[in-house]
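**Q** Got a predicted model here, sequence first, then my questions.
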Amino acid sequence: MPLDTTSRMLTPFLDHLTDDELDALPYGIVRLHPDGTVASYNRAEAANLGIDRPPLGQHFFRDVALCADVPEFHGRFLVGVAEEKLDVTFTFTFSCTLLPRRVMVRMYYSVRTKSVWLFLANPDGSPFERVPLASKGESVRRPQVSGIGLHGLRLV
């Protein structure tokens, strides 16, 4: 199901998920501290980048995704953090690697955690397919899901 969902229902649910539960979701999910450092980084997003260790503690816009350090992405993040209000969906091309990756991004500021959630999906908003992890040869486990559209998430 597509990424376009009601954020009020989405983020309170995600704020309470464990790392394992975030890893089970077929969307890329990244949580950023207000200073731009990575607080959470799920397995689907790591697999899509071909990395086996999440870049926790690294600055997203300076160390992880330099190509996202542009007004349409980082600028929106900065304004959202300053205003403590952000809920925007847009398409973006991560051109930081040899193989550019076009995705749909949803950025949402969580008042509860004082952080910004990034939700990444295919350009049409659909979940990512299984992608092998670079060094382990494993694949992202795509759970059986009931009612997923990133609202009212229920893992089966």
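**A** Here it is on my side, so go on.

**Q** Which element, helix or strand, includes the residue nearest to the spatial centre of the chain?
**A** Note on the chain: the residue nearest the mean C-alpha position is Ile29, at 2.6 Å, using C-alpha atoms, centre = their mean. Per DSSP states H and E, Ile29 falls inside strand 28-32.

**Q** just checking, what packs against the helix or strand that that strand is followed by?
**A** Scanning forward in sequence from strand 28-32 by DSSP H and E, the next helix or strand is strand 38-41. Counting by 3 or more C-beta pairs under 8 Å, 6 or more residues apart in numbering; DSSP states H and E, the packing neighbours recorded for strand 38-41 are strand 28-32. C-beta coordinates here come from the backbone N, C-alpha and C atoms, glycine included.

**Q** these two touch, right, Asn122 and Phe128?
**A** Yes - contact criterion C-beta atoms under 8 Å: Asn122 and Phe128 qualify, at 6.5 Å.

**Q** circling back: what distance do you get for the residue nearest to the centre of the chain to Leu98?
**A** Taking C-beta to C-beta, to the nearest Å as the measure, Ile29 falls 24 Å from Leu98.

**Q** Spatially nearest residue to the residue nearest to the centre of the chain, not counting backbone neighbours?
**A** With C-beta to C-beta, 6 or more residues apart in numbering as the criterion, Ile29 has its nearest non-adjacent residue at 4.3 Å, and that residue is Asn42.

**Q** quick revisit: give me the pLDDT for the residue nearest to the centre of the chain.
**A** pLDDT, Ile29: 90.

**Q** Thr93: neighbour count?
**A** Here the number of neighbours of Thr93 (other C-beta atoms under 10 Å) works out to 12.
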